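Asker: Got a predicted model here, sequence first, then my questions.
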Amino acid sequence: MPPDRGGTQGGEPPVASPCVSVCVLDPGGTGVCTGCGRTMDEIASWIDLTNDERRAVIDRLPERLSALRARNRARHWDDDADR
């Protein structure tokens, strides 16, 4: 049986979106949201991802956001430094 997409897996509730309602793409052109750290592809496909795939995306976000913010501060694009 294929994994459930965008819903429950074996009765498990769907993993919540990491969206923080600060939908701004990185001014450096990476295609990453400076609010949640997801790529445009990850945002667009979120509804179709399994819970395991969603967790994998979420696991990547802290490092991605940290690197993004460090780079943007170095470029003096630090308006998102406190998020």
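Answerer: Looks like it arrived, so ask away. Residues are numbered from 1 along each chain as shown.
Asker: In the chain, where's the longest helix?
Answerer: Criterion DSSP state H: the longest helix present in the chain is helix 51-74.
Asker: What sits closest to R71 if chain neighbours are left out?
Answerer: Leaving out its chain neighbours, the residue that sits closest to R71 by CB to CB, 6 or more residues apart in numbering is G28, at 6.6 Å. All C-beta spots, glycine's among them, are computed from the backbone N, C-alpha and C.
Asker: The one you found is in contact with R73, isn't it?
Answerer: No. Using CB atoms under 8 Å, G28 makes no contact with R73, being 11.5 Å away.
Asker: ok, back up a step: for the residue nearest to R71, give me its contacts.
Answerer: For G28, the contact set (CB atoms under 8 Å, 6 or more residues apart in numbering) comprises L68, R71, N72, R75, W77.
Asker: 10 Å - rerun?
Answerer: Shown in contact with G28 (CB atoms under 10 Å, 6 or more residues apart in numbering): T34, L68, R71, N72, R75, W77.
Asker: quick one: buried residues of the helix or strand bottoming out on mean pLDDT in the chain?
Answerer: One helix or strand of the chain scores below all others by mean pLDDT, DSSP states H and E: helix 51-74, with a mean of 94. Applying a neighbour-count criterion of 16 or more other CB atoms under 10 Å, one finds N51, E53, R54, V57, I58, L61, R64, L65, L68, R69, N72 buried in helix 51-74.
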